[in-house]
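> I need the structure of the sequence given here:
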Amino acid sequence: MCLFASPFSTSLIMRLCTAMPHLLSTPHISRVLMAYAAWLSIYGSGEQQRLAAEFVSYILQRAEKAGEKVYEKATRIVEEGKAWGSLTLKGFEKEVEVNGEKHKVKVIDGGAVEEDKGGRKLLRIKITAEVGRVEGEHIVDRVVREYTITYGRYGRDNVVLGFATARADAPGGREADAERYSALIKALTGKEPRIRHMKDGGIMIEYYEGHLEGFRRFTELADAIEEWLEETSRRRPTH
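Prediction:
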């Protein structure tokens, strides 16, 4: 992670603490830094872990004095950071309900890579999973395939958005494929994506930054997501 290549130093932590209470209302990089400090306070080592833990404790104390809303926001960011990389995709299983039907999701493998397309830096998350419907004690209509979610930054505000397209050649057609996408994403992130039916008959699945927060809990995705968020936060989209 290029931004955090060096261990936390005392001077850096003091500068960050001095920046309160503006830290919680500044651009994404501040949020990332707070969450990363929380992660280091659990998974770091030696002096790095100690300093990060001190920083997290101090920032929560300052946030508490700043008011209930600020404290709740700071606590949420810290908890998100501590959860980064706490799970693994491979072997992950969960049962979720989508459109009134229960689905069983079992992840086989996955990962994330950055790609450049037309001057835009994209993040592609690829997950191979088995998704089936739950009928009583049985799993039916099992489908194993690779699901791809592509994230980019869009608009004047550099908003984080992700997209995927339901496949017409998937078992059951586009509608069934979109439902399996929804089950997979809900299982991994706790949130269903938005399903958009296009005029040409296609189905687009949309994801937001909240879904990315859920993806960051997985070891195979966390580093790539953080590097992409940090790098693209400094860029403006080309179109």
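> check contacts around the nearest residue to residue 171 once chain neighbours are set aside.
Once flanking residues are discounted, residue 171 sits nearest to residue 143: 5.2 Å by CB to CB, 6 or more residues apart in numbering. C-beta coordinates here come from the backbone N, C-alpha and C atoms, glycine included. Contact analysis of residue 143 by CB atoms under 8 Å, 6 or more residues apart in numbering lists 130, 131, 132, 170, 171, 172, 180.
> next one: stretch 55-65 to chain centre, how far?
25 Å (CA atoms, centre = their mean, to the nearest Å).
> tell me the buried residues in it?
For stretch 55-65, a neighbour-count test (16 or more other CB atoms under 10 Å) marks 55, 56, 59, 60, 62, 63 as buried.
> report the rounded mean pLDDT for the host helix or strand of residue 35.
Following DSSP states H and E, one finds residue 35 within helix 28-43. In this model, helix 28-43 has an average pLDDT of 67.
> after it, heading C-terminal, what element do we hit next?
helix 46-66.
> below-threshold pLDDT in this protein: ranges please.
When residues are selected by pLDDT under 70, those of the chain lie in 1-32, 39, 43-45, 83-86, 234-239.
> tell me which stretches of it form helices.
Ranges of helices within the chain are 10-18, 28-43, 46-66, 68-83, 173-189, 209-215, 219-232, based on DSSP state H.
> most packed of the ones you listed?
Each of the helices of the chain was scored by mean neighbour count; the highest is helix 173-189, a mean of 22, by mean count of other CB atoms under 10 Å.
> and the angle from it to helix 219-232?
Relative orientation of helix 173-189 versus helix 219-232 (axes from the mean of the first three to the mean of the last three CA atoms, to 10 degrees): 90 degrees.
> quick one on the thing from earlier: tell me the two of the contacts of residue 143 that are most distant?
Largest separation among the contacts of residue 143 by CB to CB: 130 and 172, giving 14.6 Å.
> comparing the two, which residue is more hemmed in?
Using other CB atoms under 10 Å as the criterion, residue 130 and residue 172 rank with residue 130 on top: 17 against 12.
> reformat the helices of the chain as CSV; add distance to residue 139.
Shown next, in CSV, are the helices of the chain (distance: least, CB to CB, whole Å):
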stretch, distance to residue 139
helix 10-18, 48
helix 28-43, 35
helix 46-66, 42
helix 68-83, 28
helix 173-189, 12
helix 209-215, 23
helix 219-232, 24
